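Student: Build me a structure from this.
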Amino acid sequence: MKAVKWIDDAVFVVEVEEGVYTLAQMREHGLLELFDVFRTVDEWDGIDLNTSPMLFCMWVARDPLKALFRRFLTADEVKMNERPILKNMLSFRWVSEGKYTADLIELTDLYSNIGATVLKSDLCPDKDFAIIESHEFCGLQGDTVKLQQRLRLFYHTGINWDESKKFTFPALKTPDALLLYRKEIPMVTTSEPQVKSGLELLEGDEEVLAKIYPVVSALYVEVLKLQGPDAGDRALLLFENAMLQINQFEDEIETVERESLMEVLYQLGERVGLSRDTEFLEQWRGDW
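Tutor: A predicted model of the protein is given here:
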């Protein structure tokens, strides 16, 4: 296959592994967005990327894209993402020999890290885990094999993690270490520092919670990104997708996990204007 031509805002199918696909969108300035819309068939009717959870957005080298590329989609097959490009990223910083850290920065209006605003400096896993986990480094990703492996890891485990972060943060070098930090550290965002993580609020059997937590964590990150008067409406699709994933474990979830999970979802929904008697949430509770 020849090199894939870069077309701003074009959406294409990514082959994650044999029989598993998701979507990516090319944005201006060489940024690529990957979405959590996995399918086992290459069919995308009804997909609106404006309301689909985004896994990550990063700069990628254009030539190796063919390793991920399956085909471009037409405007009739999918609605492209028109949300503003994410501007908050991690910036690597050398501290001393063998010691590194990163800053959370806001890119300039031209999407450059030169002259970027530092939002928080000297990030560390003990205090800033959620920021580290949910933001990308501002460097160029040229290894599409690693990108593909990252997508596979998320598809099979729910862990969305850039392996290159372990160089800067060695404590987070394995999925087990990630789960440990998720259990112990409250989820925070730069705009709402007091937000508690789903796993901290959940109660019940640890093995069941470990299955539920990646879904709840991802839901928190995506819902809290939503802004504007229609944030609640857009959040509903995210809730629906999360609940479909959680329903896989329905037979394992006992009353204590169920009640605490509903409380987590209620509190999260309230942050984007959804009331506790929202029909969809009540219907789901009734089904249980």
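Student: Please compute how far stretch 245-258 lies from its chain's middle.
Tutor: Relative to the centre of its chain, stretch 245-258 is centred 22 Å away, using CA atoms, centre = their mean, to the nearest Å.
Student: From start to finish, how long is it in a straight line?
Tutor: Stretch 245-258 stretches 14 Å from its first residue to its last (CA to CA, to the nearest Å).
Student: Can you mark which positions in that stretch are buried?
Tutor: For stretch 245-258, burial by neighbour count (16 or more other CB atoms under 10 Å) applies to 245, 246, 253, 257. Quick note: C-beta positions are derived from backbone N, CA and C, even for glycine.
Student: what do you get for stretch 45-61?
Tutor: 47, 49, 51, 52, 53, 54, 55, 56, 57, 58, 59, 60.
Student: same thing with stretch 84-95?
Tutor: By neighbour count on 16+ other CB under 10 Å, the buried set for stretch 84-95 is 86, 88, 89, 90, 91, 92.
Student: Next: stretch 71-80.
Tutor: Quick answer for stretch 71-80 (16+ other CB under 10 Å): 73, 77, 78, 79, 80.
Student: can you tell me which residues contact the most centrally placed residue in the chain?
Tutor: For the chain, residue 55 is the residue whose C-alpha lies nearest the centre (CA atoms, centre = their mean; 3.5 Å). By CB atoms under 8 Å, 6 or more residues apart in numbering, the contact set of residue 55 is 34, 35, 36, 151, 154, 160.
Student: circling back: okay, the buried residues of stretch 45-61 in TSV with distance to residue 142 next?
Tutor: As requested, those are exported to TSV (distance: CB to CB, whole Å):
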residue	distance to residue 142
47	28
49	25
51	31
52	26
53	25
54	21
55	18
56	15
57	16
58	11
59	9
60	7
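Student: Could you list which of the buried residues of stretch 84-95 belong to strands?
Tutor: Counting by DSSP state E, the part of the buried residues of stretch 84-95 found in strands is 88, 89, 90, 91, 92.
Student: Among those, which one lies nearest to residue 69?
Tutor: residue 89 (24.1 Å; CB to CB).
Student: and the next element down the chain from the lowest-mean-pLDDT helix or strand in the chain?
Tutor: Each helix and strand of the chain was given a mean pLDDT (mean pLDDT, DSSP states H and E); the minimum falls on helix 198-201 at a mean of 52. The helix or strand immediately downstream of helix 198-201 is helix 206-223, counting by DSSP states H and E.
Student: Pull that following helix out as CSV, backbone CA atoms only.
Tutor: C-alpha atoms of helix 206-223 as CSV (Å, rounded to 0.1, in the frame of the first residue of the first chain):
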residue,chain,number,x,y,z
GLU,A,206,-12.6,-6.2,44.8
GLU,A,207,-12.5,-8.5,41.8
VAL,A,208,-15.8,-7.2,40.5
LEU,A,209,-14.8,-3.6,41.2
ALA,A,210,-11.6,-4.1,39.2
LYS,A,211,-13.7,-5.1,36.2
ILE,A,212,-16.1,-2.2,36.6
TYR,A,213,-13.6,0.5,37.4
PRO,A,214,-11.9,0.9,33.9
VAL,A,215,-15.4,1.6,32.4
VAL,A,216,-16.4,4.1,35.2
SER,A,217,-13.0,5.8,35.0
ALA,A,218,-13.2,6.3,31.3
LEU,A,219,-16.8,7.6,31.6
TYR,A,220,-15.6,10.2,34.2
VAL,A,221,-12.9,11.5,31.9
GLU,A,222,-15.1,11.8,28.9
VAL,A,223,-18.2,13.3,30.7
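Student: Now do it: distance to the chain's middle.
Tutor: That offset, for helix 206-223, works out to 11 Å (CA atoms, centre = their mean).
Student: The next helix or strand after it packs against which elements?
Tutor: Of the helices and strands lying after helix 206-223 in sequence (DSSP H and E), the nearest is helix 231-246. In terms of contacts (3 or more CB pairs under 8 Å, 6 or more residues apart in numbering; DSSP states H and E), helix 231-246 is packed against helix 206-223, helix 255-271, helix 279-287.
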